[in-house]
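[1] generate coordinates for the sequence data below:
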Amino acid sequence: MPAGERLRLRALLRSVPAAVRRDYVATLIVQWFVLGIGLLLFHLVARRGSVSGFAYYQIARGTVSTLQPILLLGLGVGLHRYLPRTEHTTRRLAQQALGVEAVLVTAVGLAGMAAGAGIAALLGLPGGRPAVTAALIMLAGNCLCTVSLAALRGNQQIVDANLTMALGFGLFPLVAFVVADRIEDFLIIQGAGTAVVGVWATWVVRRQPATTEKTVEPDVRTLIGYGIRRMPGEFALPVLYTFPTFAVAVLMPGEPEAGYVGFTTSAVTLICSVFAMLTPVLMPRLSRLFHRPGDDPGVRRLLTVLPLLAGALAAAPAGLILLFAPALVRGFLGPEFAGAVPVLRLGVLAAIPLAMFYAARPTMDTLLDAKFMSRLLLACLVLEILATVIAESLLTVPQAAVAGLLAAGTALGLDAVGLAAYALRRRG
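    Modelled structure (predicted):
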């Protein structure tokens, strides 16, 4: 990079308000704490349950990650977008969102328990209906806590949001593992604890300071209407990560390779977490900024270069994992998991373009239509499926699955760079 461009980039980064930097760093630290607990749980589950128990845990986590976006109805991103535009109805809107979510998870949970035996057979879970029930309880807790967390972040209550995240997704899962004897009990206790944290978090959402402006504030119908249009994309994004695990679990039922792929996608998630945390910090501020007259051209310039900077930064940890994959697998999982090394080395490269997407996402979610974002993510999911099918003729099944993730992530990252720049030019 020429010296002049480096100086301009530094000037842009220095122009970021101190409050934004502080909130981002605090949110990132909590996110790393949660991910660190997740990695520790991988290690503990692998030690307690061995290869078969680890595969079951990965499938259960994948089930939760796949169904959660559907049940959330796009409420998470909707609260980030619309709650900053409220003054008098902030708390009521957050509580109504949690109420809608509670009804959904209850209905789906009861239906899933009734069909538990068939679902377990489809996913290759040896535990039958109890295993499915445990996963559904974990799913319900995650959904309720996620809605509450989105409300706190949309209201820019960063301290409360970080406390909710640390308790619901970090501390409670670890406590649940310590007190549980079986994987099923672990998931049940975790889900119940997370649900309690979510209910508490909604009741600490504060009212925004009122102004003299008389504007129509968004209501729960606005929130649900936007969320339904956004839901296909919110579903497609986590499925980009979970599809490889499910594909291997279906094609190789009962084999440990599904756990290898799940570990790889978790490594990608760990790298991308640095950039995924930009959305809860930036999107509420951008929503308020871009929906008022006038904005700072410097903000638009910074948002334009941010995806490219994210890709460059993500290349460093991806390269380290690529180089030290054998030691990482042996240290985290154990020597009997050596088959995960080639899968990890191929799949971790997807973190680079996906980091570019996450850095562009706050801009796109704020300025682009909900249906447009959903169609983009769905198209990349279709590309992942097609790429996986094609790669199966050239690679092993686990490697083909992560190759599909790499292809979809590359398309998503490159598109995000162009679309964010387009949205900002149109705004300017």
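
[2] which secondary structure elements does the strand or helix carrying residue 272 contact?
    Per DSSP states H and E: residue 272 is located in helix 257-276. With contacts taken as 3 or more C-beta pairs under 8 Å, 6 or more residues apart in numbering; DSSP states H and E, helix 257-276 sits against helix 18-72, helix 220-251, helix 297-323, helix 341-347, helix 351-367, helix 397-427. Glycine gets a C-beta too; all of them are placed from N, C-alpha and C.

[3] tell me where the model's unsure across the stretch 201-350 of the chain.
    The model of the stretch 201-350 of the chain has pLDDT under 70 over residues 208-215, 291-298.

[4] do that again at 80, thanks
    Confidence mapping of the stretch 201-350 of the chain against pLDDT under 80 gives the ranges 207-216, 253-256, 287-300, 332-334, 336-337.

[5] what's the answer for the stretch 51-200 of the chain, then?
    In the stretch 51-200 of the chain (pLDDT under 80), the answer is 51-60, 62-63, 65-66, 87-88, 116-128, 131, 183.

[6] can you add mean neighbour count and distance to residue 140 and give the helices and strands packed on helix 257-276 back as JSON lines?
    What follows is those, written out as JSON lines (neighbours: other C-beta atoms under 10 Å; distance: least, C-beta to C-beta, whole Å):
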{"stretch": "helix 18-72", "mean neighbour count": "18", "distance to residue 140": "8"}
{"stretch": "helix 220-251", "mean neighbour count": "21", "distance to residue 140": "17"}
{"stretch": "helix 297-323", "mean neighbour count": "17", "distance to residue 140": "33"}
{"stretch": "helix 341-347", "mean neighbour count": "23", "distance to residue 140": "30"}
{"stretch": "helix 351-367", "mean neighbour count": "26", "distance to residue 140": "26"}
{"stretch": "helix 397-427", "mean neighbour count": "22", "distance to residue 140": "28"}
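
[7] between these, which one is nearest to residue 128?
    helix 18-72 (11.8 Å; C-beta to C-beta).

[8] and the closest one, how far out from the chain's middle?
    On the basis of C-alpha atoms, centre = their mean, to the nearest Å, helix 18-72 sits 10 Å off its chain's mean C-alpha point.

[9] neighbours of residue 117, how many?
    The tally of other residues near residue 117 (other C-beta atoms under 10 Å) stands at 11.

[10] brain fart, residue 393
    So residue 393, with other C-beta under 10 Å, has 7 neighbours.

[11] which helix or strand contains it?
    Of the helices and strands defined by DSSP H and E, none includes residue 393.

[12] residue 181 now?
    Following DSSP H and E, one finds residue 181 outside all helices and strands.

[13] try residue 161
    helix 158-166.

[14] so that helix versus helix 18-72, what angle?
    Here helix 158-166 runs at an angle of 40 degrees relative to helix 18-72 (axes from the mean of the first three to the mean of the last three C-alpha atoms, to 10 degrees).

[15] after helix 158-166 comes which helix or strand?
    Next along from helix 158-166, by DSSP H and E: helix 172-179.

[16] before we move on, the earlier item: residue 271 is nearest to which of the helices and strands packed on helix 257-276?
    Taking the helices and strands packed on helix 257-276 one by one with C-beta to C-beta, helix 351-367 is closest: 3.9 Å.

[17] what packs against the closest one?
    The helices and strands touching helix 351-367, judged by 3+ C-beta pairs under 8 Å, 6+ apart, are helix 75-82, helix 257-276, helix 278-290, helix 297-323, helix 397-427.
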